[in-house]
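**Student:** any chance you can model this:
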Amino acid sequence: MKLEEAKLQFIQAWGKLGSEWGINRTMAQVHALLLITPESLTTEEIMESLSISRGNANMTLRDLMGWGLVEKQLKPGERKEYFYADKNTWNIARQVAKERRKRELDPVIKILDELSKVEGNSNDPAYKTFHKSVKDINKLAKNVDKTLETMLKAEESWFWGSVLKVFK
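**Tutor:** You can find the predicted model right below:
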């Protein structure tokens with residue numbers, strides 16, 4: 001397989017994987033293109049490489065910058081904006097975990113904390129079942145949150161060493 005074909009396959013696979021994680025396919029494909037390109041790219045170069053519209057490219061790049069996965073760069077003497085993605089996979093994983101935590105886990109924990117305070121008759125089976133379920137899910141969510149917090153603060157070698165110890 002030649003490099004150009006491999007690049008296209010990677011971009012397609014990353015796009016599919018991104019959509020499995022709840023990320024827009026185009027967003028994942030633009031990220032993939034920037035990951036495998038050594039230099040930063042302009043919006044026009046991204047549009048041409050992926051056959052996407054300017055509006056789609058601009059919106060996608062804004063989203064990627066919002067996620068902290070892409071940086072805008074300005075080159076001296078040029079009016080064009082360039083975009084670059086960090087190539088360090090550990091940094092990418094931590095940034096995605098941080099964003100997913102903020103967008104998904106934090107709101108769930110907030111709701112579960114509120115639902116944990118619901119009042120009712122402790123002899124009522126419906127109340128007992130509701131209270132236990134909410135309490136158990138809240139405990140699980142907070143354990144996941146603690147694990148994510150550890151990952152976000154950890155160095156890659158320490159984190160994976162700790163995870164592998166669990167499975168031994």
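**Student:** break this structure into its domains for me.
**Tutor:** Split into domains by automatic domain parsing, the chain comes to 3-85, 89-167.
**Student:** so which of those domains is the most surrounded?
**Tutor:** domain 3-85 (a mean of 16; mean count of other C-beta atoms under 10 Å). Backbone N, C-alpha and C define where each C-beta goes, glycine included.
**Student:** if we can go back for a sec, in JSON lines: the domains of the chain, plus mean pLDDT.
**Tutor:** As requested, the domains of the chain are exported to JSON lines (pLDDT from 0 to 100):
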{"stretch": "domain 3-85", "mean pLDDT": "93"}
{"stretch": "domain 89-167", "mean pLDDT": "86"}
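**Student:** so what touches the helix or strand Gly18 falls within?
**Tutor:** For Gly18, the element it lies in under DSSP states H and E is helix 3-20. With contact meaning C-beta atoms under 8 Å, 6 or more residues apart in numbering, helix 3-20 is reached by 1, 24-29, 31-33, 35-36, 50.
**Student:** apply 10 Å and report the result again.
**Tutor:** Residues outside helix 3-20 that contact it (C-beta atoms under 10 Å, 6 or more residues apart in numbering): 1, 23-33, 35-37, 49-50, 96.
**Student:** can you check stretch 138-158 too?
**Tutor:** For stretch 138-158, the surrounding residues in contact (C-beta under 10 Å, 6+ apart) are 88-91, 93-95, 97-98, 100-101, 105-106, 108-109, 111-113, 115-116, 159-163.
**Student:** got the phi and psi for Gly120?
**Tutor:** When read as degrees, to the nearest 10, the backbone of Gly120 gives phi -180, psi 180.
**Student:** please name the nearest non-neighbouring residue to it.
**Tutor:** Tyr127 (3.5 Å; C-beta to C-beta, 6 or more residues apart in numbering).
**Student:** again with Asn121
**Tutor:** Tyr127 (5.7 Å).
**Student:** now do the helix or strand harbouring the one you found: distance to the chain's middle.
**Tutor:** Assigned by DSSP H and E, Tyr127 belongs to helix 125-153. Offset of helix 125-153 from its chain centre (C-alpha atoms, centre = their mean, to the nearest Å): 21 Å.
**Student:** list the contacts of Met65.
**Tutor:** Residues in contact with Met65 (C-beta under 10 Å, 6+ apart) are 71-72, 83.
**Student:** just those residues: which are in helices?
**Tutor:** In this view, those have no member that belongs to helices under DSSP state H.
**Student:** ok, the residues you listed vs Thr60, which is closest?
**Tutor:** Nearest to Thr60 among these is Phe83, at 10.0 Å by C-beta to C-beta.
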